[in-house]
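Participant: no sequence on this one, just coordinates:
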């Protein structure tokens, strides 16, 4: 069960980081205190901006593309009910940077932004909420404006409960509009203290995986100079998150290994004591077998086989209990687990090795026993 829990945690972390993109760098707007707001105004720092994105792409040669994002709060009305999905105004490059797949229609294009076309792309859950009559090609009212639905995303399957730590968005619940139109439909959802004119996030894609760390240092320096030292942004590098996750997982595996090692030691000593007691109880049997021609090797093999059968049976019961515990944890706690082949067969192999190692001393003690003394034993 410990192996399955560890494997599940590994798979979940890798999936989350892959969704963020290992070649991506994220700049996120942060809420400021009143003192920090005053400093930001004094230093003429208005938060993340389109100019920041343009400067990063121009100065940092390892940047492949950038995307600007702003989250806004609004509602869809005029459909007999009011729904409030998450609205994002973004540039056309977001689809490529975030691996967004369009099931019907198309995504936002540059000419939509330049012409301020009132179009939108919706997630699958939003589409279902609108009903079957309000899909591709129809108009929906967002705020005081009508927007034409030009695209619908595919269904994304992931557990949003496990993704909040690294802020992965649920695209099923989103509505995308061209960057710049957010000023017409609602208020910034970035929170108090973030400049209303500022972006929520800038996504930067680097050309090569090996350039990410160096590019992150350059981008951080560019932003510090452009914002005059005001810490009104946070940099997130998924590649660094992956390294931290791997380091944490190694420590977790070491701890699990130590616990398993102690358990095996205690169990092995118990097996050895049981086998020693068995040897003492069967001394006459050993003496008779030696008297009728059994060699020391035969005696060793007999007791080793008994020890291995004992530990192998224990391993079978342990695996069954472990699988039950994993299923219970998955059902009750909602943790992701992974029952792999090696998670099943490795414990069986270890059980056999424990039986051989801790059964060897009792087997040798039985084999090298004096046959005459064994026959006289009462």
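Facilitator: Yep, it's here. Since we're looking at a predicted model, the values are computed, not measured. Numbering: from 1, shown residues only.
Participant: residues contacting residue 315?
Facilitator: The neighbours of residue 315, taking Cβ atoms under 8 Å, 6 or more residues apart in numbering as the test, are 347-348, 350-352. Where you see a C-beta, it was placed from the backbone N, CA and C, and this is true even at glycine.
Participant: so how far is whichever helix in the chain runs longest off the chain centroid?
Facilitator: Longest helix of the chain, by residue count under DSSP state H: helix 238-281. Using Cα atoms, centre = their mean, to the nearest Å, the mean C-alpha position of helix 238-281 is found 24 Å from that of the whole chain.
Participant: and after it, which helix or strand comes next?
Facilitator: The element immediately downstream of helix 238-281 (helix or strand, assigned by DSSP states H and E) is helix 283-291.
Participant: quick one: buried residues of that next one?
Facilitator: The neighbour-count check on helix 283-291 (16 or more other Cβ atoms under 10 Å) flags 283, 286-287, 289-290 as buried.
Participant: got it, and stretch 342-358?
Facilitator: Residues of stretch 342-358 classed as buried: 343, 347, 351-352, 354-355, 358 (neighbour count, 16+ other Cβ under 10 Å).
Participant: how about a markdown table for those, with pLDDT and distance to residue 219 added?
Facilitator: Output for the buried residues of stretch 342-358, formatted as a markdown table (pLDDT from 0 to 100; distance: Cβ to Cβ, whole Å):
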| residue | pLDDT | distance to residue 219 |
| --- | --- | --- |
| 343 | 76 | 41 |
| 347 | 84 | 47 |
| 351 | 91 | 52 |
| 352 | 93 | 54 |
| 354 | 94 | 53 |
| 355 | 93 | 57 |
| 358 | 94 | 58 |
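Participant: Now intersect these with the strands, please.
Facilitator: Secondary-structure check on these using DSSP state E: no residue lies within strands.
Participant: right, and out of the residues you listed, which lies closest to residue 180?
Facilitator: Within the buried residues of stretch 342-358, proximity to residue 180 (Cβ to Cβ) peaks at residue 343, which comes in at 51.7 Å.
Participant: could you check the angle helix 283-291 makes with the longest helix of the chain?
Facilitator: When axes from the mean of the first three to the mean of the last three Cα atoms, to 10 degrees is applied, the directions of helix 238-281 and helix 283-291 differ by 80 degrees.
Participant: got the contact list for the residue nearest to residue 60 when sequence neighbours are not counted?
Facilitator: Computed as Cβ to Cβ, 6 or more residues apart in numbering, the closest residue to residue 60 that is not its neighbour in sequence is residue 218, at 5.1 Å. Contacts were defined as Cβ under 8 Å, 6+ apart; by that measure residue 218 touches 59-60, 62.
Participant: ok, now residue 373?
Facilitator: Residues touching residue 373, when contacts are defined by Cβ under 8 Å, 6+ apart, comprise residue 287.
Participant: And the contacts of residue 218, which of them are buried?
Facilitator: Applying the neighbour count, that is 16+ other Cβ under 10 Å, the buried entries in the contacts of residue 218 are residue 60.
Participant: Now intersect the contacts of residue 218 with the helices, please.
Facilitator: In this view, the contacts of residue 218 that belong to helices under DSSP H are residue 59.
Participant: Quick check: mean pLDDT of the helix or strand hosting residue 27?
Facilitator: When elements are defined using DSSP H and E, residue 27 is found to belong to strand 24-29. Per-residue pLDDT over strand 24-29 has a mean of 90.
Participant: List the neighbouring strands of it plus their orientation.
Facilitator: Within its sheet, and counting by DSSP bridges, strand 24-29 is paired with strand 201-206 (antiparallel), strand 233-236 (antiparallel).
Participant: which residues sit against the first one?
Facilitator: So the one you mean is strand 201-206. Residues outside strand 201-206 that contact it (Cβ under 8 Å, 6+ apart) are 21, 23-29, 48, 52-53, 56-57, 60, 62-71, 94, 96-98, 212, 215, 219.
Participant: chain center to it, what's the gap?
Facilitator: 20 Å.
Participant: Moving C-terminal from that strand, which element do we reach first?
Facilitator: Using DSSP H and E, the helix or strand that follows strand 201-206 towards the C-terminus is helix 212-226.
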